[in-house]
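K.L.:
Structure for this input, please:
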Amino acid sequence: MSPRPDEITDRERKFVREYLTNGFNHLKAAQAAGYKLTGGSGKNLLKRARVVREIERLTGKTLARYEVTIEWIIERMAERADAGRILARFKKVDDEGNIYHDFTGATEEELRVIDEVTVEEHKEGRGDTARTVRRSKVKGANPDVSLLTLARHRGMLSDKLTGENTGASLVERLQAGRNRAKLKKQGD
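P.N.:
Okay, here's the model as predicted:
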């Protein structure tokens with residue numbers, strides 16, 4: 001007995017799981033699920049409504065499990081976009097005019113905007129008068145990506161990848177982006 005047209009098969013389900021775990025490579029996913037690799041076997045699977053629904057169902061479950069909501073994402077992006085202002089609060093100046101960071105009393109949320117801390121030590125002077133100088137550098141989150149993403153979310157920017165007002169699913173938008181990249185590569 002064959003499955004109903006809207007019911008996903010075990011093989012299609014295996015394709016979906018492989019596709020989501022291998023970095024969205026439809027050819028490898030199709031091969032792992034036991035499909036013969038013909039011209040568009042993986043791409044054709046991504047055109048099936050039941051396969052697309054399964055991909056969206058599983059990605060939705062993952063987002064829900066980790067409590068990833070639009071509000072959560074926007075909050076984190078806004079934090080990173082504001083990294084310079086947040087870190088400025090911890091900048092201090094010593095008696096010699098050197099700037100350093102003192103994170104005493106910093107909250108976990110404030111520390112989250114730090115991408116990198118490097119500490120360099122070197123000797124200054126010679127002989128008995130030499131002293132060890134320690135210099136630390138704090139690199140905050142780059143606000144550019146977060147600001148651009150927030151602007152795109154608010155509709156301030158438009159590009160072909162967002163799929164705004166098209167009703168396109170995530171899978172369809174990803175596939176459209178891959179197709180554009182492939183066409184551009186062929187044109188080069």
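K.L.:
The host helix or strand of Val138 - contacts with which helices or strands?
P.N.:
Element membership for Val138 (DSSP states H and E) is strand 131-140. With contacts defined as 3 or more C-beta pairs under 8 Å, 6 or more residues apart in numbering; DSSP states H and E, the secondary structure elements packing on strand 131-140 are helix 83-88, strand 99-101, strand 114-124. Backbone N, C-alpha and C define where each C-beta goes, glycine included.
K.L.:
for these, which one sits closest to Glu54?
P.N.:
Proximity of these to Glu54 was assessed by C-beta to C-beta; the nearest stretch is strand 114-124, lying at 36.1 Å.
K.L.:
Partner strands of that closest one, with direction?
P.N.:
Each strand paired with strand 114-124, and its direction, by DSSP bridges: strand 131-140 (antiparallel).
K.L.:
what's next to stretch 18-37, contact-wise?
P.N.:
Outside of stretch 18-37, the residues that reach it under the criterion C-beta atoms under 8 Å, 6 or more residues apart in numbering are 11-12, 14-16, 41-43, 45-46, 55, 58-59, 174.
K.L.:
ok, now stretch 60-68?
P.N.:
Thr69.
K.L.:
10 Å instead, please
P.N.:
Outside of stretch 60-68, the residues that reach it under the criterion C-beta atoms under 10 Å, 6 or more residues apart in numbering are 20, 69-70, 72-73, 76, 170.
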